[in-house]
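Asker: coordinates only, sequence not included:
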């Protein structure tokens, strides 16, 4: 056991308490902690195509697509997509009931729900007993996995189950869009130098009891290609340096970004 018995017991308790900790997180922060992810059309233009009109306004893809997000939280990715792509159908899954409740109360979601194109449901992507809901299996043109897999403990095959569940949601030819924390992100160094925060190699617990893993590209290739049977479309690091001139500080961020395709023959 790479974590040791004591660490493994702590990880399993944190995993057992994870939905409680995330529920508390969303009760405390409501919808105010994360910004809406308006960057998806810019970061993934093939999957989220927006075109400029003659007056420089943006017009969206008018074809109907189905987008399923695992770990949707309060809808920071899905809610902007409902506005940007008014023909698309979206499904959002999260294991935090509080997060799902906050998302479905948003006016953008409620409007789309009346149009029968927005659905939210509590579901744990690491479950050993609950597969993805039957009505969602094999229907997604796009499956979003954004900054959620890092919160899953890497031990006990949790990440492998999550990757395989995500692949089941895709239709043949569908694309899984992934972004998460990368190895040597500045936040990792901060956690690494904090007392009692390390749970194992590149895996940490935060002050609120939520967990965070920092990925290598090889981790993603193993999970989504070797385990889940998908094909690589894109797999790279994104490195950014943010400067705070008033404090004369620099923050060095590292993310992993990937796209995987489900084989047509699936």
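Answerer: Alright, I've got the coordinates. In this text, all values refer to a predicted model and were calculated from it rather than measured experimentally. Residues are numbered from 1 along each chain as shown.

Asker: burial of residue 107, as a residue count?
Answerer: 8 (other CB atoms under 10 Å). From N, CA and C alone the C-beta is placed, and that goes for glycine too.

Asker: What's the separation between it and residue 82?
Answerer: 10 Å (CB to CB, to the nearest Å).

Asker: what does residue 182 give?
Answerer: In terms of CB to CB, residue 182 sits 29 Å off from residue 82.

Asker: before we move on, what about residue 230?
Answerer: 26 Å.

Asker: More neighbours: which of the two?
Answerer: A direct count of neighbours by other CB under 10 Å for residue 230 and residue 82 places residue 230 higher, at 27 against 22.

Asker: How about the more buried one: what's its closest non-neighbour residue?
Answerer: Nearest non-adjacent residue to residue 230, counting by CB to CB, 6 or more residues apart in numbering: residue 260, 3.8 Å away.

Asker: Surely the one you found is in contact with residue 226?
Answerer: No - with contacts counted by CB atoms under 8 Å, residue 260 stays clear of residue 226, the gap being 11.6 Å.

Asker: quick one: which of these two has more around it?
Answerer: Higher neighbour count among residue 260 and residue 226: residue 260, with 28 against 11, using other CB under 10 Å.

Asker: low-scoring pLDDT stretches of the stretch 151-266 of the chain, where are they?
Answerer: Residues of the stretch 151-266 of the chain that meet the criterion pLDDT under 70 lie in 196, 266.

Asker: who touches the residue nearest to residue 40 when sequence neighbours are not counted in this structure?
Answerer: Among residues not flanking residue 40 along the chain, residue 48 sits closest, at 4.8 Å (CB to CB, 6+ apart). By CB atoms under 8 Å, 6 or more residues apart in numbering, the residues touching residue 48 are 40, 41, 61, 81, 84, 85, 142.

Asker: Likewise for residue 115?
Answerer: Here residue 115 is in contact with no residues (criterion: CB under 8 Å, 6+ apart).

Asker: What of residue 170?
Answerer: With CB under 8 Å, 6+ apart, residue 170 has these contacts: 138, 140, 143, 176, 230, 262, 266.

Asker: The third one pairs with what?
Answerer: When you say that, I think you mean residue 143. residue 68, residue 176 (DSSP bridges).

Asker: these two touch, right, it and residue 176?
Answerer: Yes - contact criterion CB under 8 Å: residue 143 and residue 176 qualify, at 4.6 Å.

Asker: These two: which has the busier surroundings?
Answerer: Taking other CB under 10 Å, residue 143 and residue 176 do not tie; residue 143 has more neighbours (29 against 26).

Asker: Okay, that one and residue 206: tell me how far apart.
Answerer: Residue 143 is 26 Å from residue 206, by CB to CB.

Asker: try residue 232
Answerer: Relative to residue 206, and taking CB to CB, residue 232 is found at 30 Å.

Asker: Same check on residue 73?
Answerer: Residue 73 sits at a distance of 15 Å from residue 206 (criterion: CB to CB).

Asker: more neighbours, those two?
Answerer: Per other CB under 10 Å, whichever of residue 73 and residue 206 has more neighbours is residue 73, with 25 against 15.

Asker: could you pull out the strands for the stretch 151-266 of the chain?
Answerer: 170-181, 198-200, 203-205, 211-213, 231-244, 249-261 (DSSP state E, counting those that start in this stretch).

Asker: got TSV for the ones you listed, with distance to residue 122 too?
Answerer: Formatted as TSV, these follow (distance: least, CB to CB, whole Å):
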stretch	distance to residue 122
strand 170-181	21
strand 198-200	25
strand 203-205	23
strand 211-213	19
strand 231-244	30
strand 249-261	25
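
Asker: what about the strands in the stretch 1-150 of the chain?
Answerer: 50-52, 58-60, 66-70, 89-94, 118-122, 140-146.

Asker: List the contacts of the fifth one.
Answerer: Spelled out, it's strand 118-122. Contacts for strand 118-122 (CB under 8 Å, 6+ apart): 72, 75, 78, 82, 89-97, 100, 103-104, 109, 112-113, 133.

Asker: how does it look with 10 Å?
Answerer: 19, 68-69, 72, 75, 78-79, 81-82, 88-106, 108-113, 132-133, 135-136 (CB atoms under 10 Å, 6 or more residues apart in numbering).
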